[in-house]
Each structure stands twice: as structure tokens, then as C-alpha cells.
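**Student:** Just need the structure, nothing else, for what follows:
(one chain, ligands or ions: 1)
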Amino acid sequence: MKEIKIVVFNDISSIAQKAIEYLSKKINSMQQNDFFTIALSGGSTPKNLFSVISKDYKDSLDWTKIKIFWGDERCVNPTDEQSNYFMAYNYLIKHLNIPKENLFRIRGEINPEEEVKRYSKILEKELNIVNGLPSFNLIMLGLGEDGHTASLFPNQLNLFFSDNYCVVSFHPENNQKRISITGKIINNAEEVVFLVTGKNKSEKIYEIINESKNAKDYPAYFVKPDSGKLIWLIDREAATLLDKSKVSLTI
Ligand code: 6PG
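**Tutor:** Reported below is the predicted structural model:
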């Protein structure tokens, strides 16, 4: 794993600006008929980023060049407040000119085992194939207080290492069924970015970045893309315990 890049940000608007600059550069360097493929994460942290992008940057990009997927989904209806699709649609997608045929939501409302098969086929069909596996241009991940990422939880670490592209998992607290991409797909992405905020995540970040003895209990620790391109975008609170020498950039 090459050097992990850690960017500490003061407020989410600086990350929004960087995200748009990054996407603009990627889209401008793509072939005419190519698409930039991104897997969004769920949870509450991305909401603020999505809000800033849809408010301040909705005309800054050719959004028709982006195909949107999800890294995980709760097994609920797409109109359910808990749905990661529902959150992204309302805070981001409905404000942008993204053709609906470029949206590939995980269908949390159908039989999970069936959806795992269906979504795996979608990944194979829609993504570039690298090292013989579907490869996202970018995967966005969050970090749970327990060290989970996507919907891969510490008490089901075997699912991170599954041979499948997607798995059915269960939230350890409420036993809610989830569908998640696995480490096989995560670590085959061109780039992976963690977006993490809040003091409640600072200990896990410290343990993962410093490879503490507990780190190997956390699925997020095993996110080590073969490309070597892993970026942590964290706010000051989440960076509380990190030695300043570990931080690549503060914006
Ligand atoms: C989900 C996410 C999950 C999330 C983390 C962080 O479906 O909940 O994909 O991995 O990113 O739990 O969530 P917060 O941003 O809400 O802390």
C-alpha cells in the first residue's frame, strides 16, 4: 500500500470544491463515450457534502458523464428515510442533471439474496474490468464508530473477504439486513476515499492509520486498494488524535 493520503478539512465546503475540481479533471480527461463511475456511501456524513454540491455546483460539471452506484444499501424501500438511495436522491441527485439511466441503485426492497446476484451482474456489465474484476473509478466510503465501512461489520469480517462482489450483511445492533459490496470490489477500485467527520470517529481513525493492534478487527482497516490510491478526507474533530506528521494536507 502506497502512502495513505490524509486531508484534514475545516469545513465541508472546501471538500465540495475539491470534489468538483477532481471530477471535472477526470471527466475532461475521459474518452468521448466513457463515463466516470462512482459508488456513493450512505450514512449522515455525506449529506452535508451532497447539499453543498447540489446548491453551489449543480452547473459546474457535465453530470451526464457520471454513472452513480452505491457501495451499500439498507434492505428497505427506496422511499424509506433509512435508504441510502433516498438520502442521495433528495440531497444530491434530484438537483443535478443526471439521466435516470445513469443511476444504479441497490434495490433494498427485493429479496436480498436475489439483489446480490442482480447487482453483481450490474457491476460486471457497467464497470471497467481490471484484474478480471469490476472496477469503480471512485468508491466513497464512510467509517462507523465500530470500524465498519460500507455495510461490512466487525462481527462479520469474513464478508469483507468474500469471493463475491456483493453480500448480504446484518447491522450488529438492530440486525437490519444490508447489501454491501465486498473488499474484492473495494480494493479493485481506481481510487477510494473515506469521508469521515466527528470526534466519535477519531479513535478508530487513529487505530487504523497507526495500525494499532485492534485495527485488524475493523473492516475499514482492510481497505487497501491495489492501485495504492486511498485518501482520507476528515474534519478536524475526526483528526483529533492523529499526529500532525501523518496529515498530508489541511484545507
Ligand atoms: C451506511 C453506510 C455506513 C456509513 C457509516 C458512517 O449505510 O450507514 O454506508 O458505512 O458510511 O456508518 O455513517 P455516518 O456518516 O452516519 O457516521
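
**Student:** What pLDDT is listed against Gly42?
**Tutor:** We note a pLDDT of 94 for Gly42 in this prediction.

**Student:** so who does whichever residue of the stretch 151-251 of the chain sits closest to the ligand touch?
**Tutor:** Per CB to the nearest ligand atom, Ser151 is where the stretch 151-251 of the chain lies closest to the ligand, at 5.6 Å. C-beta: built from backbone N, CA, C; applies to glycine. With contact taken as CB atoms under 8 Å, 6 or more residues apart in numbering, Ser151 is in contact with 72-74, 169, 171, 178-180.

**Student:** And the strands in this structure?
**Tutor:** 5-9, 36-40, 66-70, 72-74, 103-104, 128-130, 133-135, 138-141, 166-170, 177-181, 191-196, 230-235, 249-250 (DSSP state E).

**Student:** which stretches of the stretch 151-251 of the chain form helices?
**Tutor:** 157-160, 183-186, 202-209 (DSSP state H, counting those that start in this stretch).

**Student:** Give me every residue in the stretch 51-200 of the chain lying close to the ligand.
**Tutor:** Neighbours of the ligand within the stretch 51-200 of the chain, by CB under 6 Å from any ligand atom: 72, 84, 142-144, 148-151.

**Student:** Return the member of those residues nearest to Ser212.
**Tutor:** Leu143 (14.7 Å; CB to CB).

**Student:** Enumerate every residue touching the closest one.
**Tutor:** Per CB under 8 Å, 6+ apart, neighbours of Leu143: 149, 194, 196, 201, 204-205, 220.

**Student:** Also Met30?
**Tutor:** By CB under 8 Å, 6+ apart, Met30 lies in contact with 36, 65.

**Student:** swap the cut-off to 10 Å and go again
**Tutor:** By CB atoms under 10 Å, 6 or more residues apart in numbering, the contact set of Met30 is 36, 65, 137.

**Student:** Make a PyMOL selection of the buried ones in those residues.
**Tutor:** Filtering these down to the buried ones (16 or more other CB atoms under 10 Å) takes a single PyMOL command:
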select buried, resi 36+65+137
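
**Student:** Quick check: phi and psi on the residue in the stretch 51-200 of the chain positioned nearest to the ligand?
**Tutor:** Nearest residue of the stretch 51-200 of the chain to the ligand: Gly142, at 2.0 Å (CB to the nearest ligand atom). Torsion angles at Gly142 (phi, psi; degrees, to the nearest 10) stand at phi -110, psi 180.

**Student:** Could you check the pLDDT of it?
**Tutor:** Taking Gly142 on its own, its pLDDT is 98.

**Student:** Now for the residues of the stretch 51-200 of the chain next to the ligand: which two are most distant?
**Tutor:** Asn84 and Leu143 (15.0 Å).

**Student:** Distance of the residue of the stretch 151-251 of the chain closest to the ligand relative to Asn111?
**Tutor:** According to CB to CB, to the nearest Å, Ser151 stands 17 Å off from Asn111.

**Student:** what do you get for Asp62?
**Tutor:** In terms of CB to CB, Asp62 sits 36 Å off from Asn111.

**Student:** Please apply the same query to Gln31.
**Tutor:** Using CB to CB, Gln31 is found at 37 Å from Asn111.

**Student:** The lowest-mean-pLDDT helix or strand in the chain pairs with which strands, parallel or anti?
**Tutor:** Within the chain, confidence by mean pLDDT, DSSP states H and E is lowest for strand 249-250 among all helices and strands, at a mean of 86. Sheet pairing of strand 249-250 (DSSP bridges) gives strand 5-9 (parallel).

**Student:** Buried ones in the partner strand, by neighbour count?
**Tutor:** 6-9.

**Student:** Stretch 8-16 now?
**Tutor:** Within stretch 8-16, judged by 16+ other CB under 10 Å, the buried ones are 8-9, 12-13, 15-16.
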